[in-house]
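Asks: Here's my sequence, what's the structure:
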Amino acid sequence: MEKTYLDASADGLRLATSVIKPEGRPVGVLQLAHGMCDHKERYYPFMQHMAQHGYVCVVHDHRGHGETVKTPGDLGYMYSGGWRAMVEDLHIVNQWIHRQYSTLPLFMLGHSMGSMVARSYAKRYDSTIDTLIVCGSPSRNPAVGLARLLARLCTLLAGGHSRPQLLQRLTFGTFNRPFRHEGYPQAWVCSDAATLKAYHADPLCTFTFTANGFENLFALMQDCYSPRGWAMANPTMPVYFISGALDPCRLSDKAFHAAASLMTKMGYLHVSERLYPGMRHELLAETDRQQVWRDVLHALNTWQ
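Replies: Predicted structure coming up:
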């Protein structure tokens, strides 16, 4: 594994980036975009598996996450660049990958919030991706506009670095109800006991977003689900939606299908979707994650 730091598109940030390479000749590159209250190191086991099958894997910490912060107090803060800069950060990493591996196909996998970043990225730069995998997609919430206004009000009243518990409860308050008997406040994340224990012990996962972070999260959702502004240039790019059937982020099977259908409406010709029975939000870390890893590998091998 190698680490590098790339200059962000805004705010003077340095994007902490990790690369895991195969031992032999690579067959492709997989660029990952992690989720909210998440960080790159949690993807290393999956990346190592993919590297064993010939894929160079690249992941960076989003702004306000992991090492891509100016101070520890900036976790969950997206700085002045906000969600737009987060999308451009993904582009910076993508362009760096293309310079390093110009002859290889490039696949992108976005998880959770990262799946929204990846779709907003594809909205602008789909010609730089050969395949898009949308993992653990948060379905569009019809109240997202109101939530964004509330987050902006919190910023005005208490500052962008404030951490509004009201927004935390409104956004995630109902997610854990089916799993509260398991004893973890965020058991909805995964059914794997070791993953849940590590998640709840990790300060890079258990922080509350800032008002600035919530406002930009909601704006990102609005952008990735808006049919306006798509500069679609790669209609044959396969788009593969995967989700746990017990993932509360999907809201409902109907809402999950609607998220995939939007990509079809935008003109993409090869959009598919799959729900995994018994699995929750973090598919790549689920109890039966090996099945998901095999399916992702099969999809990349098929779409080369």
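Asks: Report the secondary structure element holding Ser272.
Replies: Element membership for Ser272, per DSSP states H and E: strand 271-276.
Asks: any idea how far the closest residue in space to Tyr225 that isn't next to it in sequence is from Arg42?
Replies: Nearest residue to Tyr225 in three dimensions, chain neighbours excluded: Arg140, at 4.3 Å (CB to CB, 6 or more residues apart in numbering). (Each C-beta comes from the backbone N, C-alpha and C, glycine too.) Distance from Arg140 to Arg42, counting by CB to CB, to the nearest Å: 26 Å.
Asks: Which of these two has more residues huddled nearby?
Replies: Shown here are Arg140 and Arg42; by other CB atoms under 10 Å, Arg42 has more neighbours (22 against 18).
Asks: Can you pull the phi/psi pair for that one?
Replies: phi -70, psi -10 (degrees, to the nearest 10).
Asks: Name all residues that make contact with it.
Replies: Listed by CB atoms under 8 Å, 6 or more residues apart in numbering, the contact set of Arg42 reads His34, Cys205, Ala285.
Asks: Return the distance of it relative to Ser243.
Replies: Counting by CB to CB, the gap from Arg42 to Ser243 is 18 Å.
Asks: One more: Ser80?
Replies: 33 Å.
Asks: ok but Leu6 is inside a strand, no?
Replies: Yes - under DSSP: H, G, I helix; E, B strand; the rest coil, Leu6 sits within a strand.
Asks: With adjacent residues omitted, what lies nearest to it?
Replies: Leu15 (4.5 Å).
Asks: How about the backbone phi and psi for the one you found?
Replies: According to degrees, to the nearest 10, Leu15 has phi -80, psi 110.
Asks: picking up where we left off before, element containing the residue nearest to Tyr225?
Replies: Judged by DSSP H and E, Arg140 forms part of no helix or strand.
Asks: Compare Ser80 and Ser243 and say which one has the larger neighbour count.
Replies: Higher neighbour count among Ser80 and Ser243: Ser243, with 27 against 9, using other CB under 10 Å.
Asks: Using the three-state scheme, assign that one.
Replies: Going by three-state DSSP, the secondary structure assigned to Ser243 is strand.
Asks: Quick check: bridge partners of it?
Replies: Beta bridges link Ser243 to Leu275, judged by DSSP bridges.
Asks: Who are the contact partners of it?
Replies: Cys135, Gly136, Ser137, Cys249, Arg250, Phe256, Glu273, Arg274, Leu275, Tyr276, Leu283.
Asks: Could I get the buried residue list for the helix or strand that contains Thr171?
Replies: Per DSSP H and E: Thr171 is located in helix 165-172. For helix 165-172, a neighbour-count test (16 or more other CB atoms under 10 Å) marks Leu167, Leu170, Thr171, Phe172 as buried.
Asks: residues in contact with the first one?
Replies: With contacts defined as CB under 8 Å, 6+ apart, the neighbours of Leu167 are Ala147, Leu150, Ala151, Cys154, Phe209, Ala211, Phe214.
Asks: Could you dump those residues into CSV and include pLDDT, distance to Leu75 and secondary structure?
Replies: Shown next, in CSV, are the contacts of Leu167 (pLDDT from 0 to 100; distance: CB to CB, whole Å; DSSP: H, G, I helix; E, B strand; the rest coil):
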residue, pLDDT, distance to Leu75, secondary structure
Ala147, 95, 20, helix
Leu150, 96, 21, helix
Ala151, 97, 17, helix
Cys154, 96, 17, helix
Phe209, 98, 9, coil
Ala211, 98, 13, helix
Phe214, 98, 13, helix
